[in-house]
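Asks: Let's see this in three dimensions:
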Amino acid sequence: MSDNLKVGIIGLDTSHAVAFTKLLNDPLEKYHVPGGKVVIAFPGGSPDFDLSISRVEGFTKELQRNYDVNITDSIERVAEESDAILLESVDGRVHLEQLRRIISYKKPIFIDKPFSLKSEKAAEMVKLASVYQTPVMSTSALRYADRLVEVLSMSDKGEIIGADCFGPMELQEKQPGFFWYGIHSIEMLFAILGEGFQSVTTTTNNEHDVIVGQRQDGLFGTVRGNRKGNKQFGAAIHFEQGTEYVDINTSAKPYYASLLDQIMDFFQDGIPRVSLAETKEVIRFIEAANESRTTGKQVLI
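Replies: Take a look at the predicted model:
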C-alpha cells in the first residue's frame with residue numbers, strides 16, 4: 001500500500017471520527033499519525049439512538065469545514081474512493097449490515113467498538129471477512145494505552161497469573177449491558193490475559209457491577225464497573241513475582257492516538273493487531289456477562 005493512503009470513514013456519530021481525522025490530516029497536531037488522510041465520509045447515524053443521531057450534523061460540518069473531507073450519501077462510494085476504511089458508526093447494531101455493503105471491495109476495514117451486539121452476528125461478520133479475504137480488525141482503544149502496553153512488556157516478574165480491571169460502566173438501552181462502556185474494561189482484560197475464557201459470573205446492584213471470568217487454564221480475571229462518578233480506567237496485573245498497577249491516565253498521549261498508530265500499521269500490512277477469533281470471544285464474553293447480570297448465575301462462554 002501507499003504511504004499516503006486515502007482513508008474513508010463510515011459513521012460520523014462518534015468523536016473518534018473527528019479525532020482520527022484531526023490526527024491524520026493535520027501534520028501540526030502533536031500526536032499526528034502519518035501514512036494517510038481522510039478524504040471521504042458517509043455520515044450515517046441511527047435515528048432511534050439519540051447519542052448517535054444528535055451528533056451527526058455537528059461532526060459532519062466539522063470534517064467539511066476544517067479538513068475538507070468529501071461527504072457522500074453512499075456507503076459504497078466510500079469503499080470505492082478509499083484505500084482503507086474506518087467503520088466508526090457508534091451503534092453496534094448496524095455494523096453487520098454496513099460490513100455486508102463494503103466487504104466485497106476488499107479494502108482493509110477497522111470496525112470501532114462494539115464489533116457487534118450479538119455473537120451470532122459477530123460470527124457472520126468474521127465469516128464474511130474470511131469468504132472475501134478482506135482484512136478486518138476491531139478493538140477498544142484501551143488496549144493500546146501506553147501504561148498498559150508498558151506493564152505488559154515487563155520481563156522481570158514472571159508469567160501473568162491474573163488481572164483485575166476497572167472502569168466506568170455507564171449503561172445505554174440501545175447498546176445493552178456492557179456493550180456500551182463496559183467493553184473498554186473487558187478489552188483491557190483480554191489484552192492482559194488473552195482469549196480462552198470458559199465462564200462468566202456477574203454480580204450487580206444500582207451502582208456497581210463485578211464480572212468474574214474463569215479461563216480454561218484456571219486463571220481468573222475480573223472487571224469492576226461503576227456508575228458512581230468515578231471515570232478512571234485501570235488494572236492490577238498479577239505476575240508470579242509481584243503485582244503492577246496500571247493507571248491509564250498517567251500517559252500524556254491519548255489512547256485513541258495509540259490505537260490509530262496500530263490501525264494505520266494494519267492498513268499497510270493487512271494483519272489485524274487483534275485477531276477476529278479473539279474479537280468474537282470478546283462479544284460472547286460480554287453477551288454472557290449480560291446474561292449473568294440478569295439471572296445471577298454463572299454462564300458458559
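Asks: how about the helices in this structure?
Replies: Under the criterion DSSP state H, the chain contains helices at 15-25, 50-67, 75-80, 95-102, 119-131, 146-152, 182-193, 255-269, 276-295.
Asks: Hey, what's the angle from the second one to helix 15-25? Just curious.
Replies: In other words, helix 50-67. When axes from the mean of the first three to the mean of the last three CA atoms, to 10 degrees is applied, the directions of helix 50-67 and helix 15-25 differ by 20 degrees.
Asks: tell me the phi and psi of the most far-flung residue of the chain relative to its centre?
Replies: Within the chain, the residue lying farthest from the chain centre (CA atoms, centre = their mean) is Gln241, at 30.9 Å. Main-chain torsions, Gln241, degrees, to the nearest 10: phi -120, psi 30.
Asks: Could you pull up the residues touching it?
Replies: Contact analysis of Gln241 by CB atoms under 8 Å, 6 or more residues apart in numbering lists Asp156, Lys157, Gly158. (Each C-beta comes from the backbone N, C-alpha and C, glycine too.)
Asks: now those residues as JSON lines including pLDDT and distance to Thr250?
Replies: Output for those, formatted as JSON lines (pLDDT from 0 to 100; distance: CB to CB, whole Å):
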{"residue": "Asp156", "pLDDT": "93", "distance to Thr250": "20"}
{"residue": "Lys157", "pLDDT": "95", "distance to Thr250": "19"}
{"residue": "Gly158", "pLDDT": "96", "distance to Thr250": "23"}
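Asks: sorry, back to before: and the gap between the residue farthest from the centre of the chain and Gly158?
Replies: 5 Å (CB to CB, to the nearest Å).
Asks: just Tyr31 next, same as before
Replies: For Tyr31 relative to Gly158 (CB to CB), the value is 33 Å.
Asks: what do you get for Leu259?
Replies: For Leu259, the distance to Gly158 - CB to CB - is 29 Å.
Asks: Which one's more surrounded, the two?
Replies: Leu259 (24 against 11; other CB atoms under 10 Å).
Asks: right, and the more buried one touches Asp146 too?
Replies: No - using CB atoms under 8 Å, Leu259 is not in contact with Asp146; the gap is 11.2 Å.
Asks: Tell me how this structure divides into domains.
Replies: When the chain is parsed with automatic domain parsing, its domains come out as 5-141+256-273, 142-253+284-300.
Asks: quick revisit: dump the contacts of Gln241 into JSON lines; add distance to Phe42 as well.
Replies: Shown next, in JSON lines, are these (distance: CB to CB, whole Å):
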{"residue": "Asp156", "distance to Phe42": "48"}
{"residue": "Lys157", "distance to Phe42": "46"}
{"residue": "Gly158", "distance to Phe42": "48"}
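Asks: deepest of the helices of the chain, which one?
Replies: Counting by mean count of other CB atoms under 10 Å, helix 182-193 has the highest mean neighbour count of the helices of the chain, with a mean of 24.
Asks: the inter-axis angle of that one versus helix 276-295?
Replies: Using the same axes, to 10 degrees: helix 182-193 against helix 276-295 is 130 degrees.
Asks: Can you tell me the number of residues neighbouring Leu300?
Replies: Around Leu300 there are 10 residues (other CB under 10 Å).
Asks: quick one: contacts for the closest residue in space to it that isn't next to it in sequence?
Replies: The shortest distance from Leu300 to any non-neighbouring residue, by CB to CB, 6 or more residues apart in numbering, is to Ser199 (5.3 Å). Contacts here follow CB under 8 Å, 6+ apart; on that basis Ser199 touches Gly213, Gln214, Ala288, Gln298, Val299, Leu300, Ile301.
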